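Q: show me the folded form of this:
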Amino acid sequence: MSGPRVVSIVLAVLGLAIVAATMPWPPGSQGVPGPAVVPRVLGVALVIVSALIYRAPGTSAPAWVRYHRAVPATMGLLAAYALFWRVVPHGHGVLTGVVLIAFLRITGLPWRAAGVAAVLMATVLQVLFERGLGVRF
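A: Residues are numbered from 1 along each chain as shown. As a prediction, this is how the structure comes out:
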């Protein structure tokens, strides 16, 4: 069995475990999603991605050489984001915007486009969480 197929099986097991672990969680009430919605959606997405990888392993994967700096930089960015989440007072929108700009620059987007996209995405995320889910930061 090839490496991508092993990874796809591991992803499928992880996705199914996430869905199974969230089964006892409340589904929500009166049209408001409960705490199980996001993990279940992500679990199902992992199962779908694993099926795509298993069906055609390596056909659309980019060469590792092309992203040999972007992958570790993205991982570092996400780690910094998680570490600074509690440190930055009332600046979650700003922190999200800065991390998005850095991520979009890593992927090769020009500064202007990265700035516009990051501001739009950070604003939409903030509004969705505060208005849609009722989460206050």
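Q: need the pLDDT of the residue nearest the centre of the chain.
A: When C-alpha atoms, centre = their mean is applied to the chain, the residue found nearest the centroid is L42 (8.9 Å). The per-residue pLDDT reported for L42 equals 89.
Q: what's the separation between it and R69?
A: 27 Å (C-beta to C-beta, to the nearest Å). Any C-beta I mention is one placed from the backbone N, CA and C, and that applies to glycine too.
Q: returning to what we had before: the residue nearest to the centre of the chain: what secondary structure?
A: helix (DSSP: H, G, I helix; E, B strand; the rest coil).
Q: quick check: closest non-adjacent residue to it.
A: Taking C-beta to C-beta, 6 or more residues apart in numbering, and ignoring the residues beside it in sequence, L42 has I18 as its nearest neighbour in space, at 6.6 Å.
Q: buried residues in the strand or helix carrying the one you found?
A: With elements delineated by DSSP states H and E, I18 resides in helix 3-21, which encompasses its position. For helix 3-21, burial by neighbour count (16 or more other C-beta atoms under 10 Å) applies to S8, L11, A12, G15, I18, V19.
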